[in-house]
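K.L.:
Here is my input; please provide its structure:
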Amino acid sequence: MMALSRTFDRPMTLSLPRIGVMAAMPEELQALLEAMPNQQPVQRAGRVFWLGQWHGHEVVAVLSRIGKVAAATTTTILLTEFGVGEVWFTGVAGGLGERVRVGDVVVASALVQHDMDASPLFPRFELPGSGVSHLPVCPDRVARVADVVRWALSPKQLALGGALTDVHLAELGLPAVPEVHTGLILSGDQFIGSAQASGALRDALPEAMAVEMEGAAVAQVCHDFDVPCTVLRTISDRADDDAHLDFPRFIESVASRYALAMVSALLAARQG
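P.N.:
Next up is the predicted model:
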């Protein structure tokens, strides 16, 4: 597998099998489908899986639905029904890390189910029977993905791709250049939207960068099937009492476009 240069003029290549792309929001999935020509819908378990070719590679795109069980079901179908050899998940999250701003992106280096607590039988956060709490992602893969994402979200590439031609990030209070972080992402079946709740998570898992509702479940299924996964999260809020901006507008104007830019660049960087 070819490594990615840390200084970019263009992304180099990643070697990947058929890939499943899961989007957390309908707007994100729609943006991906519009870029994927000649996709064919297949229904399974009340979900629509879109099969197509993108950048010359086989892709299966699907809406994850919200929550850990829904995301785990969707992931299992991708792996068992469609023969996907890797899963990418893109969606929004609340920021927890001190340096993580609204508009930034976090690439997961590990994932934890923050609402898993089978104590005293098992330590808090540990997945019963597995002996682990943190589901890691290969460090080399994290570094390569983060490099491609930084390149894809650079002002030059966003301008060339027309991803944000009608969006003024400054008007939304967002950084012109999103920072791409790598680190721990937390998942749980609850929306974290108060300073008290986010503070409790920081106290329990101080290394956490972001919190959402699906990623660790996707990672657990992929771990069980020995299939790699990548979780990409655009930060939509700080998981506290203050709403930073209009959430629907953020999804439509920023998150969905970042998702398209990231996934497109990662697919273009695949080794043929």
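
K.L.:
Specify the beta-bridge partners of the most centrally placed residue in the chain.
P.N.:
Of all residues in the chain, the one closest to the mean position by CA atoms, centre = their mean is residue 232, 2.4 Å from it. Note on residue 232: beta-bridge partners residue 90, residue 107, judged by DSSP bridges.

K.L.:
thought it was touching residue 105?
P.N.:
Yes - at 6.4 Å, residue 232 counts as touching residue 105 under the criterion of CB atoms under 8 Å. (Each C-beta comes from the backbone N, C-alpha and C, glycine too.)

K.L.:
what sits in contact with each of the two?
P.N.:
Taking CB atoms under 8 Å, 6 or more residues apart in numbering as the contact definition, residue 232 and residue 105 share the neighbouring residues 149, 262.

K.L.:
helices and strands of the protein: which one bottoms out on pLDDT?
P.N.:
Across the helices and strands of the chain, mean pLDDT, DSSP states H and E gives its lowest value to helix 155-161, namely a mean of 76.

K.L.:
What is that helix packed up against?
P.N.:
Contact partners of helix 155-161 among helices and strands, from 3 or more CB pairs under 8 Å, 6 or more residues apart in numbering; DSSP states H and E: helix 256-268.

K.L.:
Go again with 7 Å.
P.N.:
Under the contact criterion of 3 or more CB pairs under 7 Å, 6 or more residues apart in numbering; DSSP states H and E, helix 155-161 touches no helix or strand at all.

K.L.:
isn't residue 28 right next to residue 257, touching?
P.N.:
No - with contact taken as CB atoms under 7 Å, residue 28 and residue 257 are classed as non-touching, separated by 9.1 Å.

K.L.:
returning to what we had before: how about the least confident helix or strand of the chain as PDB, C-alpha atoms only?
P.N.:
The C-alpha trace of helix 155-161 is given here as PDB (Å, rounded to 0.1, in the frame of the first residue of the first chain):
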ATOM      1  CA  PRO A 155      -9.400  26.000   0.500                       C
ATOM      2  CA  LYS A 156      -7.900  25.300  -2.900                       C
ATOM      3  CA  GLN A 157      -9.500  21.900  -3.300                       C
ATOM      4  CA  LEU A 158     -12.900  23.000  -2.000                       C
ATOM      5  CA  ALA A 159     -12.800  25.900  -4.500                       C
ATOM      6  CA  LEU A 160     -11.800  23.700  -7.300                       C
ATOM      7  CA  GLY A 161     -14.500  21.200  -6.500                       C
END
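
K.L.:
Flag every buried residue along stretch 33-44.
P.N.:
Neighbour counts using 16 or more other CB atoms under 10 Å place 33, 35-36, 39 of stretch 33-44 among the buried residues.

K.L.:
Which element, helix or strand, includes residue 217?
P.N.:
For residue 217, the enclosing helix or strand under DSSP states H and E is helix 215-224.

K.L.:
Please work out which residues outside that helix touch it.
P.N.:
22, 68, 71-72, 75-76, 87, 89, 108, 111-113, 127, 135, 185, 187, 228-229, 231 (CB atoms under 7 Å, 6 or more residues apart in numbering).

K.L.:
and the residues you listed, which of them are in strands?
P.N.:
Using DSSP state E to define strands, the subset of those located there is 22, 87, 89, 108, 111-113, 135, 185, 187, 229, 231.

K.L.:
Widest-spaced pair of the residues you listed?
P.N.:
Between all members of these, the longest pairwise span (CB to CB) is found for 22 and 112 and amounts to 18.8 Å.

K.L.:
can I assume residue 230 is in contact with residue 145?
P.N.:
Yes - in this structure, residue 230 is within contact of residue 145 by CB under 7 Å, at 5.5 Å.

K.L.:
Below-threshold pLDDT in the stretch 1-150 of the chain: ranges please.
P.N.:
For the stretch 1-150 of the chain, the stretches flagged by pLDDT under 70 are 1-16.
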